[in-house]
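Asks: need coordinates for the below:
(one chain, ligands or ions: 1)
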Amino acid sequence: MRGLAGKVAVVTGAAGGIGAATAHRLASEGAHVVAVDLDEERVRKVAESLPTEGLGVAADVSAEEGVDAYLRAAADRFGRVDLHHLNAGIPGSFAALPELTAAEFDRVMAVNVRGVFLGVRGAFRRYAAQGTAGNIVITGSIGSLRGSADLLAYQTSKHAVVGILKGAAMYGGPLGVRVNAVAPGIVPTDLFAATPDVTGGKDDMSVRASSTPLRRAGTGDDVAGVVAFLLSDDAAYMTGELVSVDGGASIV
Ligand code: NAD
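Replies: Numbers count the residues shown, from 1 in each chain. Predicted coordinates:
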């Protein structure tokens, strides 16, 4: 893909399924990846496994200090940041609407919405400080398009990032900064394994995946390929787009 070799890319949620796949894909295209996630050992392992020189940074994307820390660490090591995949996210608990607590709603919003806002704002501030333009991709979800009675906080958070996507794309366009998003469908990552109460677990996921037009679940690599494309110069005339990567699930 054009325009990725030699670039410096931040990937948040990089110790997870989709984030690790993106980190590997971008590195295989010649980018240097700054892998960001909560646990230091996990991000270090991801960074060390990459084919280009990478960096692992433990940071909480929902905190301003966390975003400042990973941007500073990236700039200290590589001198600049070009690309951002703002991907860290949590599913939240499965709860019928009357049982959904305000605290749980806030917890999901803090990571999935505030974290993306802070990441986008941080990216624009960094580009301004560097005097360069870069690209941003946000991980939305098929839940950015659909409602859910039992995962209301998660689906709401994934709708909210579309607002950030559109506003940031409008702000960034005249500056040469493109902002796009991917909307994965069913991808069997730790998010599924760790939260069977939320996702139905891998068995339920297989049943749901088999009813999509492509008759299978997605992989981290399926999503990573589209993220890399959107971050590359091959997508030079795309901005403000939410691209479904769901085997056709959203058209059914
Ligand atoms: P995952 O659980 O494997 O990865 C998510 C990663 O984000 C984890 O490593 C976690 O530690 C990290 N994270 C959580 N809170 C964080 C914080 N405050 N600061 C830094 N890192 C934090 O799940 P995944 O499936 O790879 O999810 C990646 C993204 O894809 C999420 O935004 C998720 O909502 C979205 N998504 C996933 C699916 C799917 O089917 N797996 C579908 C649609 C959207």
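Asks: ok, now which ones touch T101?
Replies: Contacts for T101 (Cβ atoms under 8 Å, 6 or more residues apart in numbering) come out as A95. Every C-beta, even on glycine, is put in place using the N, C-alpha and C of the backbone.
Asks: ok, A183 next?
Replies: Applying Cβ under 8 Å, 6+ apart, one finds that A183 lies in contact with 140-142, 144-145, 242-246, 250.
Asks: could you pick out which of these are near the ligand?
Replies: Among the contacts of A183, the ones lying near the ligand by Cβ under 6 Å from any ligand atom are 141-142.
Asks: quick check, nearest of the contacts of A183 to D190?
Replies: For the contacts of A183, the minimum distance to D190 (Cβ to Cβ) is 15.6 Å, reached by S141.
Asks: find me the pLDDT at the closest one, would you?
Replies: Looking at S141, its pLDDT stands at 97.
Asks: what strand or helix carries the closest residue to it other than its chain neighbours?
Replies: Residue nearest to S141 in three dimensions, not counting chain neighbours: K158, with 4.2 Å by Cβ to Cβ, 6 or more residues apart in numbering. K158 belongs to helix 152-172 when elements are defined using DSSP states H and E.
Asks: and the contacts of that helix?
Replies: Residues contacting helix 152-172 (Cβ under 8 Å, 6+ apart): 89-92, 95, 97, 100, 104-105, 107-109, 112-113, 116-117, 120, 124, 136, 138, 140-141, 143-144, 146-148, 177-181, 198, 239-240, 242.
Asks: narrow those residues to those that are buried.
Replies: Those of those that meet the buried threshold are 89-92, 95, 100, 105, 107-109, 112-113, 116-117, 120, 124, 136, 138, 140-141, 143-144, 177-181, 198, 239-240, 242, by 16 or more other Cβ atoms under 10 Å.
Asks: helices - which of the contacts of A183 land there?
Replies: Among those, none falls in helices (DSSP state H).
Asks: let me know the closest of the contacts of A183 to G220.
Replies: Nearest member of these to G220, counting by Cβ to Cβ, is V245, at 10.6 Å.
Asks: in terms of pLDDT, where does the closest one sit?
Replies: V245 is assigned a pLDDT of 98 by the prediction.
Asks: ok, it - how many residues close by?
Replies: Residues lying near V245 (other Cβ atoms under 10 Å) number 22.
Asks: do the same with D39
Replies: D39: 11 surrounding residues under other Cβ under 10 Å.
Asks: list the contacts of it.
Replies: With Cβ under 8 Å, 6+ apart, D39 has these contacts: 15, 58.
Asks: next: the one 10 residues further on.
Replies: Taking Cβ under 8 Å, 6+ apart, we find S49 in contact with H24.
Asks: quick check: pLDDT value at it.
Replies: Taking S49 on its own, its pLDDT is 98.
Asks: near the ligand, which residues of the stretch 51-200 of the chain show up?
Replies: Counting by Cβ under 6 Å from any ligand atom, the residues of the stretch 51-200 of the chain near the ligand are 60-62, 87-90, 111, 115, 139, 141-142, 184, 186-187, 189-191.
Asks: which among these end up buried?
Replies: For those, buried by 16+ other Cβ under 10 Å: 60-62, 87-90, 111, 115, 139, 141-142, 184, 186-187, 189, 191.
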